[in-house]
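**Q** pasted the sequence and its predicted model underneath.
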Amino acid sequence: EAGVVQSPRYKIIEKKQPVAFWCNPISGHNTLYWYRQNLGQGPELLIRYENEEAVDDSQLPKDRFSAERLKGVDSTLKIQPAELGDSAVYLCASSFPRHTDTQYFGPGTRLTVL
Amino acid sequence: AQSVTQLGSHVSVSEGALVLLRCNYSSSVPPYLFWYVQYPNQGLQLLLKYTSAATLVKGINGFEAEFKKSETSFHLTKPSAHMSDAAEYFCAVSGDRGSTLGRLYFGRGTQLTVWP
């Protein structure tokens, strides 16, 4: 069974530039999550989707971050413009909808903003 | 809001020794608790989870954790460490209400080093 796929794995950009991350969840998982993991910290949820609907986006900095999940499958997370403090690993996870269901994580995208 | 405290950002043990990674949580209702492991440049992998069944939870790779409500703890143990256990370990608790039910709150992580 294929796991959660993320691309790119690494991205280096200069501040003020835009950047986008892509995630393909495990087939059949209708819940998708984006987390941000700062260096030396645990992941923090940015947004959670149930199918196409963002049901928990209270942690998403909406002035510069946006996300979409068209057709309830793949998702894209965008930052525009990027700031130095956005350097982190961005993790995508997917699961079945119950809150006790296991979240399966992708390998993440390591973003470096110069 | 939920929170998780992992005591000790770094733990070192010798191969064959007991592994004990500590996790305390704050939750206003009985929580669901998880331990994840992260190897370098990889995503998080579930070790085990507690969902209000047995208080002693067995996971993969010989790990287990015990839920102690009176101590609000969910410590992770393994009787005998192996070199391949070297990784970062994260404790997490699920949100307990409304839209946060599906959210995981992670601790800061504990880096486990295993010496030969």
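**A** Perfect, I can see it now. Residues are numbered from 1 along each chain as shown, chains lettered A, B, ... in the order given.

**Q** for burial, what's the neighbour tally of the closest residue to chain A within chain B?
**A** Among the residues of chain B, B:F106 lies closest to chain A, at 2.9 Å counting by Cβ to the nearest Cβ. (Each C-beta comes from the backbone N, C-alpha and C, glycine too.) Residues near B:F106, counting by other Cβ atoms under 10 Å in any protein chain shown, number 22.

**Q** quick one: strands adjacent to the lowest-mean-pLDDT helix or strand in chain A?
**A** In chain A, no helix or strand scores lower on mean pLDDT, DSSP states H and E than strand A:53-56, which sits at a mean of 90. Strand A:53-56 pairs in its sheet with strand A:44-50 (antiparallel), by DSSP bridges.

**Q** list the contacts of the strand it pairs with.
**A** For strand A:44-50, the external contacting residues (Cβ atoms under 8 Å, 6 or more residues apart in numbering or on different chains) are A:30-38, A:54-57, A:59-60, A:65, A:67, A:69, A:72, A:75, A:77, A:97, B:99, B:102-104, B:106.

**Q** can you rerun that using 6 Å?
**A** A:31-36, A:54-57, A:59-60, A:67, A:69, B:102-103 (Cβ atoms under 6 Å, 6 or more residues apart in numbering or on different chains).

**Q** state the mean pLDDT of that strand.
**A** Mean pLDDT, computed over strand A:44-50, is 94.

**Q** how about the CA coordinates for that strand, as CSV?
**A** Extracted in CSV, the C-alpha atoms of strand A:44-50 (Å, rounded to 0.1, in the frame of the first residue of the first chain):
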residue,chain,number,x,y,z
GLU,A,44,1.7,21.7,15.0
LEU,A,45,-1.5,21.5,13.1
LEU,A,46,-2.1,24.1,10.4
ILE,A,47,-5.3,22.8,8.8
ARG,A,48,-7.5,19.7,8.7
TYR,A,49,-9.8,18.7,5.8
GLU,A,50,-12.7,16.4,5.8
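
**Q** next one: phi and psi at the closest residue to A:E52 other than its chain neighbours?
**A** Excluding the flanking residues, the one nearest A:E52 by Cβ to Cβ, 6 or more residues apart in numbering or on different chains is A:G72, at 4.7 Å. Backbone dihedrals for A:G72, given as degrees, to the nearest 10, come out at phi 70, psi 20.

**Q** A:G72 contacts A:L32, correct?
**A** No. Taking contacts as Cβ atoms under 6 Å, A:G72 lies outside contact range of A:L32: 8.5 Å.
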